[in-house]
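> Fold the following for me, if possible:
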Amino acid sequence: MSKNIIKALYNRNYQIFFAGQGLSIIGTWMQNIALSWLIYRLTDSAFMLGLVAFVGQIPNFVLSPFAGVWVDRWGKRSVLVATQVLSLVQASLLAGLTLTDRIDVNYILYLSLFLGCISAFDLPARNAITVEMMDSQEERQNAIALNSVTYNLARLLGPSTAGILIPIIGEGYCFLLNVASYFISIISLIALRLQPIVAEQRTANMLEHFQEGYAYTFKQLPLRNILLLLGIISLTAMPYTVLLPVFVSQHLGASAGTLGFLMAVSGCGSLLGAIGIAARSEFQGLEKLLVVAASLIGGGLISFLLPGGVWFAAVVMFVLGVGFLIQVVGSNTLLQCMVDDSMRGRVMSFYTMILMGIGPFGSLLAGFLASQIGVIYTLVLGGVCSLAGAAYFARHLSVFRVQACPIYVQSGSLSSRDQCRF
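Residues are numbered from 1 along each chain as shown. As a prediction, the model looks like this:
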């Protein structure tokens, strides 16, 4: 069991990637928390916090589908090195403006939009390159799960470190620490030993590449249904975090400390879910877990309707953390096991668009509904939609397995149809 959890770490390339990206993500979380604190200190406006978040996320919806074409044409490492260099420039500008007391909310909005555009290219490339450096299918699955372990550990370490450092050194030096983390990330990417990309891909028409990727992704039922369920969850359930401060204040009568506690509990649930998936040796069967995860999310959100205090809310948050992690990582793993390497960047760009790009619209929708019907009923509605998505996916499971089998074989995840489990 313990060896299965760290199987991918026996791979030299992934060892380097894991270390470099882990430090970079911690730096990113430090910057996120320091930036939020800076925005609120400058504006004293919760609306401005939401606006900056929206501006930083919306490029994922607009650009990600096209970013996948660039990822497949120019190679994952080349794209990642470029995005890390540009992210370093963004963090440097943010640090310089802050340390010289020239920062204002307009600069922050422009720099957040800039970073959002970078992320639209960075995330598909990051998801795709993880799989390409693995030698076996088990390593690939394990690497995807370990990426989530890294992300969730960074989500715990980065904000807590920023919380300690901000009162001592200020936001500007937290941004500088993120600049240093990007240097480490770039060095780790250069140190990877990867196969060169296929040169012919660079001469193909970009529009044809995009259309080819769209057809490949959405005309196959298994890929389409995975993304459909993820889209339902992203639009209706994931925005619960936007409403959580209101729930804590109005329905629990608690403070920001309780909000932080509940978010930490959710992070622990996500970490446990990531470790559980990392321990799995096979990807077949994950489609069932997607149904379970969507059901956990739906049931968790609906349970906010029940009376209870902080500890009941903590249990619900832990369940939601597990459910969301399995949904996100399970979807990622199944998609990665289905796609051909030549299509990987484009398929993962649609995954990024649905996971990250739909979120801002879901947040706006959740905010509007909460003002009309209240926070609790908005959360319950999200839970009902999640359960409906789980029911739809479950209804098509048998067809999913039959149609997924030849896709697994074609992508090389399985050597023959005899290994398929129907």
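
> Buried residues, stretch 83-103. List them.
Within stretch 83-103, the residues scored as buried using 16 or more other Cβ atoms under 10 Å are 83-84, 86-91, 93-95, 97-98, 103. C-beta: built from backbone N, CA, C; applies to glycine.

> how distant is it from the center of its chain?
Here stretch 83-103 shows a centroid-to-chain-centroid distance of 24 Å under the convention Cα atoms, centre = their mean, to the nearest Å.

> What mean pLDDT does that stretch get?
For stretch 83-103, mean pLDDT rounds to 94.

> With stretch 364-371 instead?
So the average pLDDT for stretch 364-371 ends up being 80.

> Which residues does that stretch contact?
50, 54, 235-236, 239-240, 242-243, 246, 377-378, 381-382 (Cβ atoms under 8 Å, 6 or more residues apart in numbering).

> Neighbour-wise, which one of those leads?
residue 382 (29 neighbours; other Cβ atoms under 10 Å).

> How much space separates that one from residue 319?
Distance of residue 382 to residue 319, given as Cβ to Cβ, to the nearest Å: 14 Å.

> And the helices in the stretch 301-422 of the chain?
310-338, 344-352, 359-373, 375-395, 397-411 (DSSP state H, counting those that start in this stretch).

> Helix 310-338 and the fourth one, what's the angle between them?
Pointing back at helix 375-395 there. 30 degrees (axes from the mean of the first three to the mean of the last three Cα atoms, to 10 degrees).

> Per-residue pLDDT of residue 320, please?
pLDDT recorded at residue 320 is 93.

> residues contacting it?
Neighbours of residue 320 in contact, by Cβ under 8 Å, 6+ apart: 240, 266, 269, 296, 297, 300, 301.

> and if you look at residue 56?
By Cβ under 8 Å, 6+ apart, the neighbours of residue 56 are 112, 113, 115, 116, 119.

> re earlier: so which of the contacts of stretch 364-371 comes closest to residue 410?
Checking these against residue 410 by Cβ to Cβ gives residue 235 as the nearest, at 30.8 Å.

> Now that closest one: which helix or strand?
Taking DSSP states H and E as the definition, one finds residue 235 inside helix 221-236.

> Give me the residues contacting the helix or strand just after that helix.
Downstream of helix 221-236, the next assigned helix or strand under DSSP H and E is helix 240-250. Helix 240-250 has contacts (Cβ under 8 Å, 6+ apart) with 50, 254-256, 258-259, 262-263, 301, 304, 313, 320, 363, 366-367, 370, 375-376, 378-379, 382.

> And residue 254, how far from residue 310?
In terms of Cβ to Cβ, residue 254 sits 6 Å off from residue 310.

> Between the two, which is the more surrounded one?
residue 254 (17 against 13).

> Around the nearest residue to the more buried one once chain neighbours are set aside, count how many other residues there are.
Distances taken as Cβ to Cβ, 6 or more residues apart in numbering put residue 248 closest to residue 254, at 5.1 Å, once the chain neighbours are dropped. By other Cβ under 10 Å, the residues close to residue 248 number 22.

> And for residue 250?
Neighbours around residue 250, by other Cβ under 10 Å: 12.

> Please report how far it lies from residue 304.
12 Å.

> repeat for residue 351
Counting by Cβ to Cβ - residue 351 and residue 304 are separated by 28 Å.

> Same question for residue 72.
Distance from residue 72 to residue 304, by Cβ to Cβ: 42 Å.

> Pick out whichever of these two has more residues nearby.
residue 72 (30 against 24).

> tell me the contacts of the residue nearest to the more buried one when sequence neighbours are not counted?
For residue 72, ignoring the flanking residues on the chain, the nearest one in space by Cβ to Cβ, 6+ apart is residue 345 at 3.9 Å. Counting by Cβ under 8 Å, 6+ apart, residue 345 makes contact with 68, 69, 70, 71, 72, 76, 124, 125, 128.

> With residue 336 instead?
So residue 336 contacts 127, 131, 140, 144, 344, 348 (Cβ under 8 Å, 6+ apart).

> Closest to residue 277 out of those residues?
residue 144 (8.0 Å).

> Give the rounded mean pLDDT of the helix or strand the closest one falls within.
Here residue 144 sits within helix 137-169, counting by DSSP H and E. Per-residue pLDDT over helix 137-169 has a mean of 74.

> Just name whatever secondary elements it is in contact with.
Here helix 137-169 touches helix 2-5, helix 12-43, helix 105-132, helix 171-190, helix 256-278, helix 310-338, going by 3 or more Cβ pairs under 8 Å, 6 or more residues apart in numbering; DSSP states H and E.
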